[in-house]
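My questions concern the predicted model and sequence given below.
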Amino acid sequence: MGAVENREPVNDQMRVRKDKIQDLRRLYNSAYANRYERTHNCLIAQALDDGHKPVVLAGRVISIRQFGKLIFGHLQDFHGKMQFAAQQSVLRDKFDPLKRLVDIGDYIGIEGEVFTTKKGEKSINVVKWKFLSKALRPLPEKFHGISDPELRLRRRYLDLVMTPDSMARFKKRSKIIRAIREYLNNNGFYEIDTPILTGKASGAMATPFVTHYNALDMNVYLRIAPETYLKRAIAGGFEKVYEFARSFRNEGVDSSHLPDFTLLEYYVAYWNYEDNMVFTERLIRHVLMEVFNDVRIKYGDTVINFETSWPRISFRDLLLQDTGVDVYECTTKEMVLEDMKKEGIDLSDEIDIEKASRATIMDQLYKKMSRPYLIDPVFVIHHPLDLSPLARRNDENPKVADRFQLVVNGWEIVNAYSELVDPVDQAERFRQQAQAKAEGEIEAMEGETDFVTCMEYGMPPMSGWGMGIDRLVALFTNASSLRDVVLFPLLRPE
RNA sequence: GCGCCAGUAACUCAGUCGGUAGAGUAUCGCCCUUUUAAGGCGAGGGUCGAUGGUUCGAGCCCAUCCUGGCGUACCA
């Protein structure tokens, strides 16, 4: 619980509003109504013809203009806003309390008839009103709204009230997630839940959050990915599962990374990564049509087109084309470094070359030299095996994995592969990761004995798929930072 | 981590050369029946992010710290 000890009014405005609560109690018993029955919302009411009645609306008062015996104001609800006009000649003794006790930020209910003002705005001529809830603090200044980026995050509720674009973006987020869930459900997927608190942080290469569980006197980790548990579910007999998995990584925060983020993963028995690419295109196009009714989106000044079938290019060809380094030829870290030197590429500012493995260096090459230039959707396929410790080896080329990443606007949106289900191979890959870690590589994946045991009991061939929901939403809603698409991102305490 | 910028009333912001704190919105009082950033007259409201320093005097100059934003680096 946070500190709620000192709730004395911070200024004269709060004192005044508290005094008004006393008046409201005397008049109506309470400044906080029990419930209120509406007939319309503001969006629907806007479309009604003049003379329509009764129209009963409820919402927050976001503006008031007083003229002695006439008051204009705007009521805002989730769907829109509506002007109301309150006249003393109509409301009689109910007029003065409205004029005197209702402040901007308060919630009221109004009942009346639709009319259009002389200036042409659809409005409600109020015949009855009810006080619903008192705001003690004034809303931010009406014209500029709330512009301090810190305040927008710390008091997101004010941002939502005052910034229609912000509210619209979060509505879009909900719709995007709903469209994805519907599509998966309609294709036979089951939504399941897997542990967030785990004994081992596996399934990705990242630093976990560690905490302590007193009852078992053991350290536990917040999951960095749901992957190995979802695969256990497939081993148990599920054939199509997914989870919107809030995941946690104890790493940096910036416009494209958050300490907790939403990772959607799904797994399908008997599919391979190629089936998965086909499904991915269908899923993304479905979401775009459902939410935006268009397969093109505008991000900044760029139009990104998801329409035509997305090209597939191998990791090796991409790197060869952009850097001249051939990852098939360079089987050791030293050979990669030598080729890089030949091509005049220096990554020493980016990574610690001494400690980095061949995999890390190739990954950096890709992230620096190739990925930023992929704008329209592209499937990057066949990543080197040592970059993919949970992915199935390609049948023709044992150096690469049956894997793809969907890259859009230089961002990795989806990462998927044919899953490794061979327990002997899996144990060996974990052993290699452990060795890399022992040699100083920080970016190595944690092995899990129980997961290998599960695999030893047998797993069907399958393909798995993961997507950063926050990034997808940012991309689809033209947001430059993930914090713009997360309602309440973690901030330092004030 | 590093670099740059910012923090003044509840909100948005001014504050000149270092001379004792300003506006608009919001609030309170008065006037006002067609406004929509309504208008007019009047009033109240401040630990100038914090601490220390320089100075007769600091919102302003200096140092350190706190908080945030942006850029950059790393993980999605």
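Good, I have the coordinates. Residues are numbered from 1 along each chain as shown, chains lettered A, B, ... in the order given.

tell me which element residue A:17 is part of?
Assigned by DSSP states H and E, residue A:17 belongs to helix A:12-28.

Which neighbouring elements make contact with the next helix or strand after that helix?
Using DSSP H and E, the helix or strand that follows helix A:12-28 in sequence is helix A:42-46. On a contact count with 3 or more CB pairs under 8 Å, 6 or more residues apart in numbering; DSSP states H and E, helix A:42-46 meets strand A:55-66, strand A:81-87, strand A:122-133. (Glycine included, C-beta is placed from N, CA and C.)

is the helix holding residue A:17 up against RNA strand B anywhere?
Yes. When contact is scored as CB under 7 Å from any atom of the strand, part of helix A:12-28 falls within range of RNA strand B: A:12, A:13, A:16, A:20.

from the middle of its chain, how far away would the longest helix belonging to chain A be?
Longest among the helix segments of chain A by residue count, using DSSP state H, is helix A:164-186. With CA atoms, centre = their mean, to the nearest Å as the basis, the distance from the averaged C-alpha position of helix A:164-186 to the chain average is 10 Å.

What average pLDDT does it get?
Average pLDDT, helix A:164-186: 94.

And for it, what's in contact with it?
Helix A:164-186 has contacts (CB atoms under 8 Å, 6 or more residues apart in numbering) with A:152, A:159-160, A:191, A:240, A:242, A:244, A:264, A:266, A:283, A:286-287, A:290-291, A:469, A:472-473, A:476-477, A:479, A:484-485, A:487.

Which of those residues fall within helices?
Using DSSP H, A:152, A:159, A:160, A:283, A:286, A:287, A:290, A:291, A:469, A:472, A:473, A:476 are the members of the contacts of helix A:164-186 that sit in helices.

which one of the residues you listed is nearest RNA strand B?
Checking the ones in helices among the contacts of helix A:164-186 against RNA strand B with CB to the nearest atom of the strand, the nearest one is residue A:152 at 8.0 Å.

picking up where we left off before, among the helices and strands packed on helix A:42-46, show me which one is buried the most.
strand A:81-87 (a mean of 21; mean count of other CB atoms under 10 Å).

partners of that strand in the sheet?
Here strand A:81-87 is paired, per DSSP bridges, with strand A:70-76 (antiparallel), strand A:122-133 (parallel).

between those, which gets nearest to residue A:326?
Of all the strands paired with strand A:81-87, strand A:70-76 sits nearest to residue A:326, with 60.2 Å by CB to CB.

Mind listing residues that contact that closest one?
Identification of contacts with strand A:70-76 by CB under 8 Å, 6+ apart yields A:42, A:57-65, A:81-88, A:98-99, A:102, A:108, A:110, A:123-124, A:161.

and those near RNA strand B, which?
The overlap between the contacts of strand A:70-76 and the neighbourhood of RNA strand B (criterion: CB under 7 Å from any atom of the strand) consists of A:63, A:64, A:65, A:83, A:85, A:87, A:88, A:123.
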